[in-house]
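need coordinates for the below:
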Amino acid sequence: MFSNIMIMSKVKIYFVVLLGLLAVSVSAQTVNYENRYKLLVSQVGRAGVGVETLLDKWQAADSTNKNMLSARFEFYFTKSQTEQVVKKSQKKYLGMEPLLSLKDTTGAPVYYFREIFYDDELFAQSLKVADKVALLYPDDLDYRFLKANALIAYEKESPDMAYAYLSDLITENISRKRPWNYEGKKMDDGFFPEAMQEYCRSFYDLGSEAAMNVFFNLSKRLCELYPSNVYFLTNMATYHLVTKNDPKTALKLYNKVLKKVKDDETALRNSYVAASKLGNDKLKEKYRQQLVHYGYIKQ
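Now for the predicted structure:
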């Protein structure tokens, strides 16, 4: 009986040792593949010749590795893209400045922009990888952003799916008990709303009617969730000033911002603009003096 116990103990020890050796082997292979991947990408790009073959081998060696899955996402996402030069009548398109501007036969200006178009099948493949890595590593916000960023790029002026995805992410964040990880580090409570503000800015920069509506709706919801973060209230005011051409409502919201942060530069500058649109010279001077007082403009 005693000898059997000793034999079983040795088997367990050997098994543990074997697992340890396997872990070391997988780790070594992963480092090797990662180094090879970085070298290859530096030479041929993220979707160049040989990248998919290397990723297949890396996946066979370590199918749940974060960096491998991120690289796989980048492969499909990059491969799905085709760049074209398009002409538009507006001076700004998708937040971009034109590559060049010319005039047509009538003398009207025509602007040329670089635009990326996507192959639907390859793009869908990239989203599948993004979903997989998010499922495997649910606490890592980086991998949620992979999908959000891809959707924004893909949808361009009509970010409906991106809006739905970010709305779901906000809902998930409300009920979270654990901190998010980002780039391998645990984030504090302030990181998530700051990240969402960056997305709000992205929609504002897109500038289309649909994108501006997403900008407002996200900002409104986030303002309710994070009332101390005045930039969401500022976003709402800016929406009324820029999109709705409603300086009166905008001014009321900017004043709410200034009650919380009296030297908020954006609120002061835009309040000056709103007062100017209202034709209220006395109010314009009030905000101009405050801008001078806080050092944002010279006397």
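
the residue nearest the centre of the chain: what secondary structure?
Relative to the mean C-alpha position of the chain, the nearest C-alpha, by CA atoms, centre = their mean, is the one of residue 149, at 4.7 Å. Secondary structure, DSSP: H, G, I helix; E, B strand; the rest coil: residue 149 is helix.

could you pull out the strands for the stretch 151-299 of the chain?
Assigned by DSSP state E, counting those that start in this stretch, the stretch 151-299 of the chain shows strands spanning 181-182, 185-186.

for these, which one sits closest to residue 107?
The minimum distance between residue 107 and those falls on strand 181-182, with 51.0 Å, by CB to CB. Any C-beta I mention is one placed from the backbone N, CA and C, and that applies to glycine too.

and the average pLDDT for the closest one is what?
If you average the pLDDT over strand 181-182, you get 96.

tell me the helices and strands packed up against it.
When contacts are defined as 3 or more CB pairs under 8 Å, 6 or more residues apart in numbering; DSSP states H and E, strand 181-182 packs onto helix 141-155.

same thing but at 6 Å, please
On a contact count with 3 or more CB pairs under 6 Å, 6 or more residues apart in numbering; DSSP states H and E, strand 181-182 meets no helix or strand.

what's in contact with that strand?
With CB atoms under 6 Å, 6 or more residues apart in numbering as the test, strand 181-182 has contacts from 139-142.

pLDDT and neighbour count added to those residues, as CSV?
Below are those laid out as CSV (pLDDT from 0 to 100; neighbours: other CB atoms under 10 Å):
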residue, pLDDT, neighbour count
139, 96, 15
140, 97, 18
141, 96, 21
142, 94, 16
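
just give me the closest of these to residue 109.
Nearest member of those to residue 109, counting by CB to CB, is residue 142, at 41.2 Å.

tell me the contacts of that closest one?
residue 182.

quick one: the helices in the stretch 51-200 of the chain?
For the stretch 51-200 of the chain, helices defined by DSSP state H, counting those that start in this stretch occupy the ranges 51-61, 66-79, 120-136, 141-155, 160-175, 191-206.

of all those helices, which one is nearest residue 284?
Among those, helix 191-206 sits nearest to residue 284 (CB to CB), with 24.4 Å.

quick one: the lengthiest strand in the chain to helix 141-155, angle?
Across the chain, the strand with the greatest residue count (assigned by DSSP state E) is strand 109-118. Angle between the axes of strand 109-118 and helix 141-155 is 130 degrees (criterion: axes from the mean of the first three to the mean of the last three CA atoms, to 10 degrees).

quick check: buried residues in strand 109-118?
111, 113, 118 (16 or more other CB atoms under 10 Å).

just how off-centre is that strand within its chain?
22 Å (CA atoms, centre = their mean, to the nearest Å).

go ahead and name everything in contact with that strand.
So strand 109-118 is contacted by 80-88, 93, 96, 98-104, 154 (CB under 6 Å, 6+ apart).

can you tell me which of the contacts of strand 181-182 lies closest to residue 238?
When those are compared against residue 238 (criterion: CB to CB), the nearest one is residue 141, at 26.0 Å.

surely that closest one is in contact with residue 183?
No: applying CB atoms under 6 Å as the test, residue 141 and residue 183 come out as separate, 9.2 Å apart.

tabulate the contacts of strand 181-182 (TSV), appending distance to residue 267.
Output for the contacts of strand 181-182, formatted as TSV (distance: CB to CB, whole Å):
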residue	distance to residue 267
139	35
140	35
141	29
142	32
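
now for these: which two are most distant?
Largest pairwise distance in the contacts of strand 181-182, by CB to CB, is 10.2 Å, between 139 and 142.

most packed of the strands of the stretch 151-299 of the chain?
A comparison of the strands of the stretch 151-299 of the chain by mean neighbour count, using mean count of other CB atoms under 10 Å, puts strand 181-182 on top with a mean of 17.

spit out the contact partners of the closest residue to residue 264 other than its chain neighbours.
Take residue 264 and drop its neighbours on the chain: the residue closest to it by CB to CB, 6 or more residues apart in numbering is residue 257, 5.4 Å away. Listed by CB under 6 Å, 6+ apart, the contact set of residue 257 reads 230, 233-234, 264, 267.

ok, back up a step: would you turn the helices of the stretch 51-200 of the chain into a markdown table with distance to residue 225?
Listed next are the helices of the stretch 51-200 of the chain as a markdown table, based on distance: least, CB to CB, whole Å:
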| stretch | distance to residue 225 |
| --- | --- |
| helix 51-61 | 38 |
| helix 66-79 | 29 |
| helix 120-136 | 22 |
| helix 141-155 | 17 |
| helix 160-175 | 7 |
| helix 191-206 | 8 |
